[in-house]
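**Student:** quick one: sequence plus predicted model below, questions after.
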Amino acid sequence: MVWIAVAAALLGAFFLAVGTQRQASAVQASTGGLQLSPNGLLRMARNPRWVLGLTLQGIGMALNVFALLTAPLTVVQPIGAIALVITTIVNSKDQGIRLNRMTVVAVSACVAGSAAFVLLAVTVTAHTQTVAAEDELAVVLLLAVVVAVFLTLELLFRHRLSAFAYILGAGMLFGFVAVLVRIIGLHLFNTNGQFIANVPIYTMVAIVAAAGLGSWFVQSAYSSGPPDLVIAGLTVIDPLVGIGIGIFILGELQPNVQPAAAIAMIGAGLVAIVGVIALSRHHPDVLQKQEEARRRAQAAGK
């Protein structure tokens, strides 16, 4: 069953990567690099390229949910890093972008760091088949704080948030979504036969809120940054958050973990995060937009 889940995650990464690139190109063509508005998002629903991207992403997410329900999080999450490589290649070909050396290094750091972090996590986490009610509630309450913080930032500083801020928020929110999908899956497969009745209402509300705000952040990031930067945030920050919750809240850490393993995980996580930061600063698309903004500022000053 695990190998079926791995195959589903691989296929899901491909659909997610191509779908993300299609949606991002549609949003950028529509907004011209300006901030996406709610009305603009409604207009995107009539854009065939955006709808195609949404459909491909839906297929990818469905495959990933299947993988999360049938295999441990630490097996499924590293595979998502492949989506970053696919997105980078597809977007560079589609937009005629020549990748610079720093972009290649940043992408490599993201993939290597996130994959190493999750693979190391396999050696220190225990895969439980039950989640205590108090732990589930703790996850939901922590998510409520995260949602409140990022929703406040969006409402107060909407026109000042950068693409990196949006992908940071989206990555954290979808990290919680991955954890809640796993928790809900455990409820559904509970042997008491009550299925959906096992899932608390607050958990259902929490996953809808996280997925909704996370999706808006992803769409907003499309308008101000390249799609591979968005995927980098999701494939790096998402597993860091998900595994962190598993270790510190759900109690999945094995006893007697060696300090070397913990240090290696921290190092791998830092490499991945540095890769995302470097990508947000040195990607050709980002540099081009910065140059265009500089020229507009100079023209306005004359």
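**Tutor:** Arrived safely, thanks for sending.
**Student:** ok, V105 - contacts?
**Tutor:** Under the criterion of CB atoms under 8 Å, 6 or more residues apart in numbering, the neighbours of V105 are G275, A278. Any C-beta I mention is one placed from the backbone N, CA and C, and that applies to glycine too.
**Student:** what strand or helix carries it?
**Tutor:** Secondary-structure element containing V105, defined by DSSP states H and E: helix 101-124.
**Student:** and the helices in the stretch 101-250 of the chain?
**Tutor:** In chain order, the stretch 101-250 of the chain shows helices spanning 101-124, 133-157, 163-188, 201-224, 227-248, with DSSP state H, counting those that start in this stretch as the criterion.
**Student:** which parts of the last one are buried?
**Tutor:** Looking back up the chat, that one is helix 227-248. Neighbour-count burial for helix 227-248, counted by 16 or more other CB atoms under 10 Å, picks out 227-243, 245-247.
**Student:** what residues of the helix or strand following it count as buried?
**Tutor:** Tracing the chain C-terminally past helix 227-248 and defining elements by DSSP H and E, one meets helix 259-282 next. When burial is assessed from 16+ other CB under 10 Å, helix 259-282 yields the following buried residues: 264-265, 268-269, 271-273, 275-276, 278-280, 282.
**Student:** out of these, who's nearest G12?
**Tutor:** Out of the buried residues of helix 259-282, the one with the shortest distance to G12 is A272. That distance is 20.1 Å, counting by CB to CB.
**Student:** and that closest one, what pLDDT?
**Tutor:** Among the per-residue scores, A272 holds a pLDDT of 88.
**Student:** same deal with the one 10 residues further on?
**Tutor:** At H282 the predicted local distance difference test score is 83.
**Student:** so what's it up against?
**Tutor:** Remark: with contacts taken as CB under 8 Å, 6+ apart, H282 is in contact with N100, M102, T103, A106.
**Student:** do the same with P226
**Tutor:** Shown here is P226, whose contacts under the criterion CB under 8 Å, 6+ apart are A24, N91, H283, D285, V286.
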